[in-house]
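Asker: Give the three-dimensional model of this entry:
(2 chains)
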Amino acid sequence: MSCAKPLCQECATQWDGIWHCAKCLAAKRGSTKIASHFGGWISLLFSSLLLLYVSARVMVWAGALLSGMF
Amino acid sequence: MGRSAALGNVLIHAPLSTTSVLDEATDIVSMVASPWAAVVIATSIPYRFLQALFIDRLIEVGPDASRYGTLLGTTANLAIAAFVLALWGRAVFARACRLAASRGEAPAGEAWRVKPVALTSYIFTGTLAELIFYATLFSGIGTVLAAVVGGLAIGTMELNERASVLGAVRLIARYGRETRILTALVIVFACAGVVAFINVMATFNFGMWLADVFLGVDLSRWNALFSGHNRRFVLAGIAGAWIAIEPFWIAANVVLVRKAGAAETGEDLRVWFDEVRES
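Answerer: Sure thing, here's the model as predicted:
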């Protein structure tokens, strides 16, 4: 449940392996289509690509620095 | 769902501790090993061996490494491309572990269907952990931090419901409070890595001994290749050892996040009541 309220098992419904109360389930069902969150997607994709690029650079930098020490 | 990592109730039996996490992780891996462990192993092989190749080239060029930027850069780019494939394999395996934990049986094809938001968040957090690892390669504590962040990244992957950089980091920070267990897991898996390495090397030597004794094959050349003096063999052995323990590492982190979330929301109490009612 996203609300984290205590609930008996009879009142909870499992969806995709996760237990939800009726209110959370209704909210989830209603938000499935509208929760595209475009800005979040753009920032997440951009940050991921940036981190991948920086990781490759840092890998070379750290390797060169390390091999220079020996 | 953010606060509720308790995804189902089948395998939440013992209170949150290092041994209970390891026990339940082992149960889950044995449940999903066929075929899901093969997915994580097959997708990890290119990345781990490209890492080994990168280190091999570094050792080869030695102190002149800064003059071989193109060679090292190309290998690093290939390794990072293979890393994305490895992240996808880990995501599929983590989902299989989570489904198995909630149902008590190996999942079918639905383990492939990792939500795009969960996968993208994991690519971000997994790469962040990798970046921390490379940037802090010189300090022991940095490596431990990278391992913890990487573990929690896969453990919390499916809790990401919205695409958000801060949301993904916040989830890791929240479960990062289990410092004692996380540190213990890193130490246990570091030891497991050493044991796995010894086993990988011993397996090769045992295979050669069998071929020599039972098949009478001339192994004089292979003896030189499969020896501790061959740098490439040792690097490949280290890569193989980590590939072998990776499914257990992922399962342990999935179980840790699940159990920590269960304790937070009272899910463990509900399971306990269920068990009392049934007995």
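Asker: Now do stretch B:35-48: distance to the chain's middle.
Answerer: 10 Å (CA atoms, centre = their mean, to the nearest Å).
Asker: where does the spatially most central residue of chain A land on pLDDT?
Answerer: In chain A, the residue lying closest to the centroid (CA atoms, centre = their mean) is A:L44, at 9.3 Å. Predicted confidence (pLDDT) for A:L44: 93.
Asker: Now residue 43. Nearest residue, chain neighbours left out?
Answerer: Answering for chain A, as no chain was given. Closest residue to A:S43 apart from its sequence neighbours, by CB to CB, 6 or more residues apart in numbering or on different chains: B:V165 at 5.3 Å. Heads up, the C-betas are built off the backbone N, CA and C, glycines and all.
Asker: I was after chain B.
Answerer: Using CB to CB, 6+ apart, the closest residue to B:T43 is B:G89 (2.7 Å).
Asker: and that neighbour, how many neighbours does it have?
Answerer: 22 (other CB atoms under 10 Å in any protein chain shown).
Asker: Scan chain A for its longest helix.
Answerer: helix A:38-69 (DSSP state H).
Asker: Might you report the residue contacts of the closest residue to the residue nearest to the centre of chain A other than its chain neighbours?
Answerer: Excluding the flanking residues, the one nearest A:L44 by CB to CB, 6+ apart is B:A163, at 4.6 Å. Applying CB atoms under 8 Å, 6 or more residues apart in numbering or on different chains to B:A163 gives the contacts A:H37, A:G40, A:W41, A:S43, A:L44, B:V117, B:T120, B:S121.
Asker: can you do 7 Å?
Answerer: By CB atoms under 7 Å, 6 or more residues apart in numbering or on different chains, the contact list for B:A163 reads A:H37, A:G40, A:W41, A:L44, B:V117, B:T120.
Asker: My guess is the residue nearest to A:S43 contacts A:L45. True?
Answerer: No. Contact criterion CB atoms under 7 Å: B:V165 and A:L45 do not qualify, at 10.0 Å.
Asker: which of these two has more neighbours?
Answerer: Looking at B:V165 and A:L45 with other CB under 10 Å, you find the greater number of neighbours at B:V165, namely 18 against 15.
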